[in-house]
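Participant: Sharing a model prediction with you, sequence too.
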Amino acid sequence: MAEPMKVLDMGALLNGLAGDALKSGLTTVYDSPHSLMALLRIQAGEHWESDTADTEERCIIVLEGWATFSVDNTRRSLGSGHIAHVEPGAVISAKNESDQELLALLIISPPPSVRLLD
């Protein structure tokens, strides 16, 4: 049986990935058969777009910074402490129009690898 609870130290993870080691875009921090967790980094002035996820729910938890997220035809400014849930089938894009980077945790369930195996 798999471990019933996985604990990640986000502070240690972010310190370990500080500076250039944390690339713009997505960096996977945890992957299981049920969900995938990735850090999303968008530098000031940059744009990011996800793939369409027909069967995957996604949750965005903003840790630092601000960006304007678009989901289909809905636009929202999300900042530190905001959480957004995105239904399957939607395309997510984000534009960081601030002068600081955005750092968010993206949780995808089920992970794309499970969808590809079905």
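Facilitator: That came through fine.

Participant: what are the ranges of the helices in the protein?
Facilitator: 10-16, 112-117 (DSSP state H).

Participant: Flag whichever of those helices has the least confidence on average.
Facilitator: Mean pLDDT is lowest for helix 112-117 among the helices of the chain, at a mean of 53.

Participant: and Gly79, how many residues sit next to it?
Facilitator: By other CB atoms under 10 Å, the residues close to Gly79 number 12. Yep, even glycine has a C-beta here, placed from its N, CA and C like the rest.

Participant: do the one 5 residues further on as well
Facilitator: A count of nearby residues for Ala84, using other CB under 10 Å, gives 16.

Participant: ok, and the closest non-adjacent residue to it?
Facilitator: Excluding the flanking residues, the one nearest Ala84 by CB to CB, 6 or more residues apart in numbering is Ile60, at 4.6 Å.

Participant: how close does the residue most central in space within the chain sit to Glu3?
Facilitator: Nearest to the mean C-alpha position of the chain, counting by CA atoms, centre = their mean, stands Leu106 at 2.3 Å. Noted for Leu106: a distance of 22 Å to Glu3, by CB to CB, to the nearest Å.

Participant: Great, nothing more from me.
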